[in-house]
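Student: Just to be clear, the model below is a prediction. Sequence and coordinates:
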Amino acid sequence: MSFFFDKDTITAEDVSQLDANSASLGIPNGYLMECAGLQATNKIYEHYKLNSSSSVVIMCGIGNNGGDGLCIARHLATRGISVFVILLGDSIHIRTQESRLNWELVNTLTLKIRSYSIKNIKQLKTLCKSEFFMNADIIIDALLGTGVTGKIREPISTAIDMINQSNLPKISIDVPSGMNPDTGQITEKSVNCDFCITFHAKKKGFANIKTWVAPIGIPLEASLFIGDGDLRSAIKKRDKDFHKGQYGKLLVIGGSSSYSGAPSLAAMSALELGIDLCICFVPKGIGNVVRSFSPNLIVQEGVAENFSNSDFLQAKKLSNWADAVLIGPGLGKDPKTVEFFEKYILWILGKKIPCVVDADGIKMLGKLFKESKIARLTSSIVITPHMEELKSIVRFKNLPKFDEIEKRTKKLISILEKIGGVILVKGVYDYVIKISKKRSICRVNRSGCPEMAVGGTGDVLAGLTSAFLSIGNSPFNSACAAVYLNGLLGESAKKSYGPRIHATDMIKNLKSFLLFKKF
Ligand SMILES: NC(=O)C1=CN([C@@H]2O[C@H](COP(=O)(O)OP(=O)(O)OC[C@H]3O[C@@H](n4cnc5c(N)ncnc54)[C@H](OP(=O)(O)O)[C@@H]3O)[C@@H](O)[C@H]2O)[C@H](O)CC1
Ligand SMILES: [K+]
């Protein structure tokens with residue numbers, strides 16, 4: 001079945017996002033492992049016509065791929081099959097709770113299962129010469145799955161050799177151990193399996209492997225609704241050797257003689273998210289106001305009290321410095337500013353610099369579309385309209401209700417196909433849509449609370465979206481992570497301060513909230 005949010009093939013990153021999103025929905029990872037183990041058992045049992053006189057060897061790693069192998073051991077044993085489990089490493093190093101539980105169970109259910117945790121390669125080689133190993137019917141590879149990184153280390157390396165050297169039929173669980181599931185690359189060695197039972201969806205790098213895809217209970221909601229998994233993967237880790245500027249350089253272009261708060265809120269949100277540098281380019285006269293909010297902001301002023309074409313060169317220079325740009329908060333509607341916006345946006349569309357257009361910028365975009373000065377947005381642009389702002393860009397009448405997800409998505413996609421780009425339509429449920437000629441996609445956000453319908457929360461959202469862009473996330477993933485986090489910050493502000501919340505309360509809570517979530 002194909003939905004507007006699912007993918008034909010998935011990466012290791014997608015797998016961990018889906019796991020975390022399933023956990024956000026209340027489905028423990030152990031349930032998924034149990035489904036994975038049972039599905040794989042059923043397939044192996046039927047395919048090899050096993051019976052109570054069959055015997056199976058399972059080689060398990062200490063990650064969750066190994067956990068799947070241990071779970072398969074239990075389910076095969078339940079059917080009377082003799083199982084020989086070899087854990088590659090010391091059991092005290094088993095990585096997760098669910099794998100540890102399966103290891104304990106395997107060691108309790110001793111009627112049909114014999115288990116060994118190997119301490120060194122010599123011990124492994126001896127086990128591989130044992131009668132049980134030589135006389136087994138099949139061998140299952142549960143050494144490494146989507147968690148593989150770098151060169152193959154011992155004792156896994158020798159275990160892969162042992163599997164490949166045996167004449168038994170070989171089944172790999174989720175990924176042939178040693179293969180990079182995203183690229184299909186084998187840097188050194190990998191299990192030469194007869195077939196691979198892979199979970200949820202085919203992995204992106206699988207080309208010439210005989211594969212059977214097994215559903216393991218990851219619900220559609222984990223792909224549709226934005227969750228912890230999306231946020232966790234968008235908050236990229238800062239590399240140890242990063243220097244200042246490598247974790248996000250953002251330019252915020254906004255403000256006018258009437259508005260100084262909007263660009264400040266956006267820039268403050270971006271800084272609180274942890275990016276390295278943020279320059280606020282604001283019109284003359286409001287620079288000191290913006291500076292006064294935080295000494296961490298870098299502020300540059302334009303030539304007059306509203307932006308005009310005289311600011312174009314400086315805007316261009318700063319944009320070339322930045323990893324991402326946010327334009328729009330508090331820009332106002334001065335005719336000269338509209339001219340400046342037009343010149344700037346046409347330039348940035350051509351340059352493909354990642355850019356978020358919000359607030360007054362969206363209305364100006366609408367004007368450009370109406371006057372046919374812009375035909376289409378590029379996929380490097382995110383716009384963040386609420387329903388009224390959206391109407392300034394495209395004409396439409398009624399939309400299906402916010403929770404009629406399938407109908408509303410189809411309608412929104414049909415409306416937005418004309419303009420392209422990534423569109424974050426704000427509402428009770430937020431819809432993030434990426435328009436593409438091949439296949440448009442949509443994700444839905446349910447975080448947030450009605451108390452967020454106050455001035456400034458949109459500026460926080462725009463600041464977060466552009467901050468995620470500046471640290472290297474795609475426009476679509478940036479919009480998804482930002483809208484989810486923005487909603488959670490609203491909820492958390494409500495918990496801390498009661499129902500009267502301001503955008504500043506959300507920003508105040510940002511760092512401690514992420515710390516609490518262990519992000
Ligand atoms: N949603 C799902 O599809 C589910 C899949 N499941 C299974 O879980 C694995 C992924 O589990 P994970 O624990 O993330 O990773 P792995 O088991 O693949 O590998 C992690 C361990 O492997 C060690 N490792 C990593 N690279 C190497 C290497 N090059 N050489 C040797 N050892 C390596 C790593 O060791 P560390 O010392 O670095 O810690 C880890 O111990 C997925 O593939 C599925 O099979 C879940 O069961 C359910 C949900
Ligand atoms: K494997």
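Tutor: That came in fine, so what should we check first? Ligands and ions are numbered 1, 2, ... in the order given.

Student: contacts and neighbour counts: CA atoms only from here.
Tutor: OK.

Student: Surely residue 494 touches residue 502?
Tutor: No - in this structure, residue 494 sits apart from residue 502 without contact. The criterion is Cα atoms under 8 Å, and the distance is 9.4 Å.

Student: show me what contacts residue 449?
Tutor: Taking Cα atoms under 8 Å, 6 or more residues apart in numbering as the definition of contact, the neighbours of residue 449 are 487, 490-491.

Student: TSV for those residues, including neighbour count?
Tutor: As requested, the contacts of residue 449 are arranged in TSV below (neighbours: other Cα atoms under 10 Å):
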residue	neighbour count
487	22
490	28
491	21
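
Student: now, which of these lie close to ligand 2?
Tutor: Among the contacts of residue 449, not one lies near ligand 2 by Cα under 5 Å from the ion.

Student: where's residue 208 relative to ligand 1, distance?
Tutor: When distance is defined by Cα to the nearest ligand atom, to the nearest Å, residue 208 is 18 Å away from ligand 1.

Student: who does the strand or helix carrying residue 77 touch, helix- and strand-wise?
Tutor: Assigned by DSSP states H and E, residue 77 falls within helix 64-78. In terms of contacts (3 or more Cα pairs under 8 Å, 6 or more residues apart in numbering; DSSP states H and E), helix 64-78 is packed against helix 29-47, strand 55-60, strand 82-88, helix 97-108, strand 113-118, strand 138-142, strand 170-173.

Student: now do 6 Å
Tutor: Packing partners of helix 64-78 (3 or more Cα pairs under 6 Å, 6 or more residues apart in numbering; DSSP states H and E): helix 29-47, helix 97-108, strand 138-142.

Student: so residue 360 sits right up against residue 326, yeah?
Tutor: No - if you go by Cα atoms under 6 Å, residue 360 and residue 326 don't touch, sitting 11.8 Å apart.

Student: give me the element the most centrally placed residue in the chain is part of.
Tutor: Nearest to the geometric centre of the chain sits residue 230, at 3.5 Å (Cα atoms, centre = their mean). Secondary structure from DSSP H and E places residue 230 in helix 228-234.

Student: close to ligand 1, is that helix?
Tutor: No - when contact is scored as Cα under 6 Å from any ligand atom, no part of helix 228-234 falls within range of ligand 1; the minimum is 11.4 Å.

Student: helix, strand or coil for residue 439?
Tutor: The three-state assignment at residue 439 reads coil, by DSSP: H, G, I helix; E, B strand; the rest coil.

Student: Report the beta-bridge partners for whichever residue of the stretch 301-450 of the chain sits closest to ligand 1.
Tutor: For the stretch 301-450 of the chain and ligand 1, the shortest gap (Cα to the nearest ligand atom) falls at residue 443, measuring 18.8 Å. On the basis of DSSP bridges, residue 443 takes part in beta bridges with residue 432.

Student: got a list of what it touches?
Tutor: Residues in contact with residue 443, defined by Cα atoms under 6 Å, 6 or more residues apart in numbering, are 224-225, 431-432.

Student: Repeat the analysis, applying 7 Å as the threshold.
Tutor: Neighbour list for residue 443: 5, 224-226, 431-433 [criterion: Cα atoms under 7 Å, 6 or more residues apart in numbering].

Student: follow-up on the earlier one: okay if I get the contacts of residue 449 as a markdown table plus distance to residue 115 and pLDDT?
Tutor: Compiled in a markdown table, those are given as follows (distance: Cα to Cα, whole Å; pLDDT from 0 to 100):
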| residue | distance to residue 115 | pLDDT |
| --- | --- | --- |
| 487 | 48 | 98 |
| 490 | 50 | 97 |
| 491 | 48 | 97 |
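
Student: Which one of those residues is nearest to residue 345?
Tutor: The closest of these to residue 345 turns out to be residue 487 (Cα to Cα; 28.5 Å).

Student: quick one on the thing from earlier: which other residues reach the helix holding residue 230?
Tutor: 16-18, 20-21, 24, 468, 473, 478, 481, 519.

Student: and the gap between residue 148 and residue 209?
Tutor: 18 Å (Cα to Cα, to the nearest Å).

Student: Tell me which of the two has more neighbours.
Tutor: Set residue 148 next to residue 209 and count neighbours by other Cα atoms under 10 Å: residue 148 wins out with 18 against 15.

Student: Tell me the secondary structure at the more buried one.
Tutor: Of the three states, residue 148 takes coil according to three-state DSSP.

Student: can you check the one 3 residues further on too?
Tutor: Put simply, residue 151 is coil when judged by three-state DSSP.

Student: neighbours around it, how many?
Tutor: Here the number of neighbours of residue 151 (other Cα under 10 Å) works out to 12.

Student: wait, doesn't residue 245 sit right on residue 276?
Tutor: Yes - between residue 245 and residue 276 a contact is recorded at 5.4 Å, counting by Cα atoms under 7 Å.

Student: These two: who's more crowded?
Tutor: In this comparison of residue 245 against residue 276, neighbours counted by other Cα under 10 Å, the higher total goes to residue 276 at 20 against 16.

Student: check contacts around that one.
Tutor: For residue 276, the contacting residues are 244-245, 247-249, by Cα under 7 Å, 6+ apart.

Student: Just the buried residues of those residues.
Tutor: When neighbours are counted using 16 or more other Cα atoms under 10 Å, the contacts of residue 276 contain these buried positions: 245, 247-249.

Student: Can you add distance to residue 107 and give those residues back as CSV?
Tutor: Conversion of these to CSV gives the following (distance: Cα to Cα, whole Å):
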residue, distance to residue 107
245, 51
247, 46
248, 49
249, 53
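
Student: Compare residue 360 and residue 326 (neighbour count), which wins?
Tutor: Here residue 360 and residue 326 are set side by side on neighbour count (other Cα under 10 Å), and the busier one is residue 326, at 32 against 22.

Student: State whether the more buried one is indeed within a strand.
Tutor: Yes - for residue 326, which was evaluated using three-state DSSP, the result is membership in a strand.

Student: Quick check: beta-bridge partners of it?
Tutor: Beta-bridge pairing of residue 326, defined through DSSP bridges, involves residue 252, residue 356.

Student: And the pLDDT for it?
Tutor: According to the predicted model, the pLDDT of residue 326 comes to 98.

Student: which residues touch it?
Tutor: Residue 326 sits next to 251-253, 355-357, 466 when contact means Cα under 7 Å, 6+ apart.

Student: Using CSV, lay out the residues you listed together with distance to residue 201 and pLDDT.
Tutor: Compiled in CSV, these are given as follows (distance: Cα to Cα, whole Å; pLDDT from 0 to 100):
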residue, distance to residue 201, pLDDT
251, 39, 98
252, 40, 98
253, 42, 98
355, 32, 98
356, 32, 98
357, 35, 98
466, 31, 98
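
Student: Tell me the confidence at whichever residue of the stretch 401-519 of the chain sits closest to ligand 1?
Tutor: Ranked by Cα to the nearest ligand atom, the top residue of the stretch 401-519 of the chain for proximity to ligand 1 is residue 519, at 17.2 Å. Reported pLDDT at residue 519 in the predicted model: 88.

Student: What sits closest to residue 35 if chain neighbours are left out?
Tutor: On the basis of Cα to Cα, 6 or more residues apart in numbering, the spatially nearest residue to residue 35 that is not a chain neighbour turns out to be residue 216, at 4.9 Å.

Student: doesn't residue 201 make contact with the one you found?
Tutor: No - with contact defined as Cα under 7 Å, residue 216 does not count as touching residue 201 (9.8 Å).

Student: how about the residues of the stretch 101-250 of the chain that lie near ligand 1?
Tutor: For the stretch 101-250 of the chain, the residues found near ligand 1 under the criterion Cα under 6 Å from any ligand atom are 144-153, 156, 174, 199-200.

Student: Let me have those residues in TSV, adding distance to residue 322 as columns.
Tutor: Shown next, in TSV, are these (distance: Cα to Cα, whole Å):
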residue	distance to residue 322
144	39
145	37
146	34
147	33
148	34
149	31
150	32
151	35
152	38
153	40
156	44
174	40
199	40
200	38
